[in-house]
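> I would like the atomic coordinates for the input below:
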Amino acid sequence: MKRWMAVLLLTLFLVACSDRAGELYETAQFEELQRNVPNAVRLYRDIVEKYPASPQAEKARARLAELEAEAR
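Residues are numbered from 1 along each chain as shown. Here you go, the predicted structure:
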């Protein structure tokens, strides 16, 4: 019973983390649409640092590279 609960809690934790990365990514995209690029960059960096294994982290890395190239 305890093992089952531990697995359930771990699963819920992992799902919550991936959802948070998705929320941050959507917010970063919205900030870009609002032309608030500095805040979008901060959010993309947060995703990469806090959720490096998430699918959104790879997208955030790519978007950061694009934004940095545009800034040059």
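> quick one: contacts of the helix or strand hosting Gln56?
Gln56 is located in helix 55-71, with elements delineated by DSSP states H and E. Contact partners of helix 55-71, identified using Cβ atoms under 8 Å, 6 or more residues apart in numbering, comprise 18, 21-22, 24-25, 28, 37, 40-41, 44-45, 47-48, 51. (C-beta placed from N, C-alpha, C; glycine too.)
> and the two most separated of those residues?
Farthest-apart pair in the contacts of helix 55-71 is Ser18 and Val37; separation 25.2 Å (Cβ to Cβ).
> shaky segments in this protein?
2, 4-18 (pLDDT under 70).
> Please, where are all the helices along it?
With helices called from DSSP state H, the chain shows them at 2-33, 37-50, 55-71.
> most tightly surrounded among the ones you listed?
helix 37-50 (a mean of 17; mean count of other Cβ atoms under 10 Å).
> how about it as PDB, C-alpha atoms only?
The C-alpha coordinates for helix 37-50 follow below in PDB (Å, rounded to 0.1, in the frame of the first residue of the first chain):
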ATOM      1  CA  VAL A  37      10.600  40.300 -25.200                       C
ATOM      2  CA  PRO A  38      12.800  40.800 -22.100                       C
ATOM      3  CA  ASN A  39      10.100  39.100 -19.900                       C
ATOM      4  CA  ALA A  40       9.600  36.300 -22.500                       C
ATOM      5  CA  VAL A  41      13.400  35.700 -22.500                       C
ATOM      6  CA  ARG A  42      13.300  35.500 -18.700                       C
ATOM      7  CA  LEU A  43      10.500  33.000 -18.800                       C
ATOM      8  CA  TYR A  44      12.200  30.800 -21.500                       C
ATOM      9  CA  ARG A  45      15.300  30.800 -19.300                       C
ATOM     10  CA  ASP A  46      13.300  29.800 -16.300                       C
ATOM     11  CA  ILE A  47      11.900  26.800 -18.200                       C
ATOM     12  CA  VAL A  48      15.300  25.700 -19.300                       C
ATOM     13  CA  GLU A  49      16.700  26.000 -15.800                       C
ATOM     14  CA  LYS A  50      13.800  24.600 -13.700                       C
END
